[in-house]
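[1] Give me coordinates for this.
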Amino acid sequence: MPSLEILLTFFVTTAIFAYIPGPAMLYAAAQTVARGRLAGLMASLGIHIGCYVHVFAAAAGLSILFHAVPTLYMVVKLAGAVYLVWLGFTLMRAKASGEDGMPLVEAKSARRAFFESITVEVLNPKTAIFFIAFLPQFTDVSAAFPVWLQFLLLGMVANLLFSSADLVCVFLAGAVVSRMRRSGKAQRLMQRAGGTVLIGLGAHLALQRT
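    Below is the predicted model of the structure:
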């Protein structure tokens, strides 16, 4: 592995990146606001698991395809953007049920949030680009471990740090949700707010040039 100094620099730098508000944090918070804390936690877990696809791809050198084939990058990016927008509209259009006004998505929301979040993360090529641009700065070709294994281990650590930031957002958003949960109107408003955030994230991803 790289020296202790390089590893410490990697940890601090990654932690700073992780806790700067970004799309993943907004996504996890939006799921929490729209579907509840459990769904937010499952969304964070889904993002975490989906990110391993990019970690393994970076370790295997497959992520370089996004640089070599710009069309592939664009297709995957647009697919992810369309999926986010579709999820947003799905949340906004979900009907309330029962006397408490809770949305129908509550019944299976946590499980749906988990699988939806895996898909969202896998279809985000910017994650792959981040790993192949960021991780090589902290690898050492003269180390005892091969470079691919260094990529894998550093990527796993980075994924854990980013997921910890997502969890912070979930619990903060959950605190707000728990106070407003008894109000059917407030719940409906939070559902629409969460859907709006997802639509905005999809539009932002689609319109970004890189």
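
[2] Find the residue at the geometric middle of the protein.
    By Cα atoms, centre = their mean, the chain has its centre lying nearest to Ala24, at 3.6 Å.

[3] okay but that one is in contact with Asp166, surely?
    Yes - at 5.7 Å, Ala24 counts as touching Asp166 under the criterion of Cβ atoms under 8 Å. C-beta here means a position set from N, CA and C on the backbone, and glycine is covered the same way.

[4] what do these two both touch?
    Common contact partners of Ala24 and Asp166 (Cβ atoms under 8 Å, 6 or more residues apart in numbering): Ile47.

[5] Which helix or strand lies directly C-terminal to the helix or strand of the chain with the lowest mean pLDDT?
    The helix or strand of the chain with the poorest confidence is strand 102-103; it has a mean of 44 (mean pLDDT, DSSP states H and E). Proceeding N to C from strand 102-103, the next assigned helix or strand is helix 109-122, under DSSP states H and E.

[6] tally of neighbours for the spatially closest residue to Phe151 that is not a sequence neighbour?
    Excluding the flanking residues, the one nearest Phe151 by Cβ to Cβ, 6 or more residues apart in numbering is Ala59, at 4.1 Å. Neighbour count for Ala59, taken as other Cβ atoms under 10 Å: 22.

[7] how about the strands of this structure, start to end?
    96-97, 102-103 (DSSP state E).

[8] quick one: the helices in the chain?
    Using DSSP state H, the helices assigned to the chain run over residues 4-19, 23-35, 37-60, 65-68, 70-93, 109-122, 125-134, 147-180, 184-207.

[9] just flag whichever of those helices has the lowest average confidence.
    Ranked by mean pLDDT, these end with helix 65-68 at the bottom, a mean of 73.

[10] residues making contact with it?
    Identification of contacts with helix 65-68 by Cβ under 8 Å, 6+ apart yields 72-73, 76, 125, 128-129, 132.
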